[in-house]
Structures are given as C-alpha cells and as structure tokens.
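K.L.:
My questions concern the predicted model and sequence given below.
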Amino acid sequence: MAGQKDNSVLSAQGYIVCDMKRTIPWTDSVDVISSDESSSSDSGIELNDGIGGQRLSSYVTIDQPIKEMTSGDLLIRRAEMYQDYMKHIPIPAQRGSAIPFSSWVGLGKSVKQLYRQPLHYLTNILLYKWDQQRIGSDDEYTPLDTMMHPCKAEATIWLVEEVHRRTSSHYHVAKIWQSDPMHHAFVDSIFPQL
C-alpha cells in the first residue's frame, strides 16, 4: 500500500504515474521538429529516457527488410501445428462396439461420431482410396461389414490412425496439401477437449 500512497503524492505534485513505476513530470518540454527544420541527414530518432535529461539515440530506418513468409512457409507451419495437435489426441483404449458399415469412409464417419475425435488427414485419404479401389470389383456393392468383421475393420482404422498421428512428417503433409487445393475436405473439424 505504500506504493499507492507514493503515487497519489506524486500525482498531486503534477507528475504522471505510469504502470512501469516510472514518473514523468508534466513540466518537461517536448521537442517538436517540423519538416522545415529537419535535414535529410537526420535518419535517427532521439529519445529522452527521463533520467537526468540524458538523451539516447536510436537509429531506425523504415526501409529495413522484414522477413515475409511465403505461402509454402505458411502451409508448412499450418501442417506442423496440425501434426502437433493430432499427436496429442489419445487413441481410444476402450473399443469393442461393432459398428455396421458399408464403406470405409462410412465407418470412418461413424468412428468420429462415436469417439468424438477427428481422424488424421492421411487416414481420411486412405479410407477414401480404399473405397475407390473397390470400384469395378465383383463385391463393389456388397457392404463391407458382411465381408470383414466390424471390430477388425475398426481396429484397422485405429492402427493406421496411430501411425499417422505419431510418425507422419509435417513436411510430407504440407507437400500433399500443396498439391491438393481441396485438402480441406479431408481435414476433420471435430476438436475434442484435451
């Protein structure tokens, strides 16, 4: 409370009390340089540090280069954040429900809803490719749960998901995203509370 008492005393004496525990008197004059008075050789800004009237010179130029991120750099950064996020989502340990399904993508959707967590982008792509591979086969229209036990199919998805979450490189993910402008369609927007 002593600091508050000192601040009120300083304020009553005509000082501005700043949050940084530094006082500036109202009576200090401010040097103003108009465009007429400055020369082209003045490239710096002079600052008064408020201690004993000493002046510090800090040379700042407007044309200093600023590192800009390219779209590739941003994509790599997004993929890195995505991969890091996916690594922190635990794979469900308690499974055992037999989910009926007719396609791999359909089973993936059911798994996402049942366990309330996203599947990795690469897992979603793989499920889509597995469904595409069935086109033209003799069993194209046969529901998958009659050909494969639902628990085995779900376990397969979780094994693949674990590989993608734990071992995939964000550079690889970014490379695939860069080649596919519609990659957002396979990135799940379900975000669990960790």
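P.N.:
Right, received. Where do you want to start?
K.L.:
so who does the residue lying closest to Trp158 once chain neighbours are set aside touch?
P.N.:
Leaving aside its sequence neighbours, Trp158 sits nearest to Ile91 (Cβ to Cβ, 6 or more residues apart in numbering; 5.7 Å). (C-beta placed from N, C-alpha, C; glycine too.) Going by Cβ atoms under 8 Å, 6 or more residues apart in numbering, Ile91 touches Trp158, Glu161, Glu162, Arg165.
K.L.:
Now do the same for Ile91: helix, strand or coil?
P.N.:
coil (DSSP: H, G, I helix; E, B strand; the rest coil).
K.L.:
how near is it to Leu114?
P.N.:
Computed with Cβ to Cβ, to the nearest Å, the distance linking Ile91 and Leu114 is 14 Å.
K.L.:
With Pro90 instead?
P.N.:
Taking Cβ to Cβ, one finds Pro90 at 15 Å from Leu114.
K.L.:
who has more neighbours, the two?
P.N.:
Leu114 (13 against 10; other Cβ atoms under 10 Å).
K.L.:
A helix includes that one, no?
P.N.:
Yes - under three-state DSSP, Leu114 sits within a helix.
K.L.:
didn't it look like it was pressed against Ala98?
P.N.:
No - judged on Cβ atoms under 8 Å, Leu114 makes no contact with Ala98 at a distance of 11.2 Å.
K.L.:
follow-up on the earlier one: report the buried members of the contacts of Ile91.
P.N.:
Neighbour-count burial (16 or more other Cβ atoms under 10 Å) is assigned, among the contacts of Ile91, to Trp158, Glu161, Arg165.
K.L.:
What residues sit buried inside stretch 114-123?
P.N.:
Tyr115, Gln117, Pro118, Leu119, His120, Tyr121, Leu122, Thr123.
K.L.:
Over to stretch 97-116?
P.N.:
Ile99, Phe101, Ser103, Trp104, Val105, Gly106, Leu107, Gly108, Lys109, Ser110, Val111, Tyr115.
K.L.:
How about stretch 130-142?
P.N.:
For stretch 130-142, by 16+ other Cβ under 10 Å, it's Trp130, Asp131, Arg134.
K.L.:
Residues in contact with it: which ones?
P.N.:
Taking Cβ under 8 Å, 6+ apart as the rule, stretch 130-142 contacts Ser103, Trp104, Val105, Met147.
K.L.:
quick one, phi/psi of Tyr171?
P.N.:
Tyr171 adopts backbone torsions of phi -70, psi -40, taken as degrees, to the nearest 10.
K.L.:
distance of it from Gln83?
P.N.:
From Tyr171 to Gln83 the distance is 9 Å (Cβ to Cβ).
K.L.:
Same question for Val173.
P.N.:
From Val173 to Gln83 the distance is 6 Å (Cβ to Cβ).
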